[in-house]
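**Student:** what would the 3D arrangement of this be:
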Amino acid sequence: MKRCLTATVAMVALATTASVARAEYDPSIDKGVKIELSKDGKQYFRILTWHQIWMRYNEHNPGSLVRGAPQDASVDIGIRRSRLLLHGQLSKDLTILAHFGINNQSTVGGGFGAGDTPKKPQLFLHDLWGEYRIAGDALALGVGLHYWNGVSRLASASTINSMTIDSPIHNWPTIDKSDQFARQLGVYVKGILWNRLEYRAAVNHPFAVAGEPKEGTADYDPTSNMPAVQGYFKYDFLEPESNSLPYYVGTYLGKKKVLNLGAGVYWHPDSMAYLDGGDKRKVDTRMFGVDTFLDLPTGWKGTAVTAYAGLVLSDFGPNYVRNIGILTPSTALAEGAPGSFNGPGNAVPTVGTGMQIYGHAGFLFPDMGRAGQLQPYVAVRRGQFEGLDDAVLVPDVGLNWFIVGHHGKLTLNYRSRPVFSARPEGKPIETDRKNEVTMQAQVFF
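**Tutor:** All right, here's what the predicted structure looks like:
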């Protein structure tokens, strides 16, 4: 704990060295570099880029190796995201979008999993799709590698304007399994009806994926070749949100009055499998979610409240649980070490068959002029998985410092995560907790 406090103090000291002299904010930069292709401005081409750097103190799961040596904790730095997005409105009804970049490059890994090199990570496509508006805002049809996802609002969350330091990750339940970083290839429809009801639905062909079904425990079926269906439907009670792009805003910083209620689904037939007495049984992936989002200025000196709450029911087959560690500082366990059910580094049970409840809330303090704005927040995820005896409880407490809105911000976040241990009899139980302190620096243009 002493090292945790020392690291926190060091990160705060680093943050205070940032200049508090901020230039006059021009809202036009929210759209990135915009090149108009017609005199009336209805045809255009946009370029946006954003980058997030993490500096972190992490207490590792038992038995974790860092550069081949056992370490209980470490301080590291990494690139959480570095992205470039190209968006073209080629006519009133024709849109094209390409989005590529890297994720999770650290000094021990390039973001592609165990055994990869940390140097020169490969740029890859996040989105590549074209869209045609058939009936104005009411109906558009698109095709490609897309992010028009189902289940919840957070399944299509923007990574530019999140209120919390990151998404809770369970909101992308098939991430880098049957999808490519939360995207699948397919055809989608979307629109807004009566200026209040927004919908998005897609039929996708998920990616081939490796898996090892076990006796009584499901995993991805490598032979699966069925399409997946997903959708999300949202009703706006106050100001409607734009759906020109799929990325839902995390916090509007008091610039919009939003209150909505949504529900979504995901269904992938015969995508999972398990062994029953040695015989292979196929099962579907089924998910259903409901959520609500509030972003409201209070009317007092530029302050605002932001809140989100959601519930997701997931069925991946019997006892399926997946551990995920974001920008993990460890890539292996020491030979012979008992380890934990979580695995190395900062991995924690994140996705599985069961019920997940997640919520966050934040308050935007008054604008301090040249010193920007502060926004403290809290978040908590609770997962009750069929494959674990105890619930997974992951709380976060953080503080955003908006130097120039989302274009230049620093975020300090504390997280406590559970460590689960396997038992000879029965399902894994929580036996310990570990701490993480992360400072994120974001630049967006």
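
**Student:** please make it C-alpha for all contacts and neighbour counts, starting now.
**Tutor:** Will do.

**Student:** run me through the strand neighbours of whatever helix or strand F420 lives in, direction for each.
**Tutor:** In this structure, F420 sits in strand 408-421 according to DSSP states H and E. Applying DSSP bridges, strand 408-421 is found paired with strand 392-404 (antiparallel), strand 429-444 (antiparallel).

**Student:** buried deepest among the ones you listed, which one?
**Tutor:** Most buried of the strands paired with strand 408-421, by mean neighbour count (mean count of other Cα atoms under 10 Å): strand 392-404, with a mean of 21.

**Student:** before we move on, the earlier item: let's have the strands paired with strand 408-421 in a markdown table, adding mean pLDDT and distance to Q122.
**Tutor:** Shown next, in a markdown table, are the strands paired with strand 408-421 (pLDDT from 0 to 100; distance: least, Cα to Cα, whole Å):
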| stretch | mean pLDDT | distance to Q122 |
| --- | --- | --- |
| strand 392-404 | 98 | 30 |
| strand 429-444 | 98 | 21 |
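
**Student:** can these go into TSV with extra columns for distance to Y266?
**Tutor:** Conversion of the strands paired with strand 408-421 to TSV gives the following (distance: least, Cα to Cα, whole Å):
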stretch	distance to Y266
strand 392-404	23
strand 429-444	29
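
**Student:** quick one, what contacts the residue nearest to the spatial centre of the chain?
**Tutor:** Nearest to the geometric centre of the chain sits S167, at 3.6 Å (Cα atoms, centre = their mean). By Cα atoms under 8 Å, 6 or more residues apart in numbering, the residues touching S167 are L154, A157, T159.

**Student:** identify the bridge partners of the second one.
**Tutor:** Just to be clear, that refers to A157. Under the criterion used (DSSP bridges), A157 bridges to Y248.

**Student:** give me the pLDDT value at it.
**Tutor:** A157 is assigned 98 on the pLDDT scale.

**Student:** show me the contacts for it.
**Tutor:** S167, Y247, Y248, V249, G250.

**Student:** roughly how far does it sit from L410?
**Tutor:** 19 Å (Cα to Cα, to the nearest Å).

**Student:** just the last one next, same as before
**Tutor:** The spacing between T159 and L410, counted by Cα to Cα, is 14 Å.

**Student:** okay, these two: which has more neighbours?
**Tutor:** L410 (24 against 20; other Cα atoms under 10 Å).

**Student:** still on that earlier bit, so which of the contacts of A157 wins on neighbours?
**Tutor:** G250 (23 neighbours).

**Student:** now that residue, what's its secondary structure?
**Tutor:** With DSSP: H, G, I helix; E, B strand; the rest coil as the basis, G250 sits in coil.

**Student:** wait, it touches M163, no?
**Tutor:** Yes - the pair G250 / M163 is scored as a contact, 5.4 Å apart, by Cα atoms under 8 Å.
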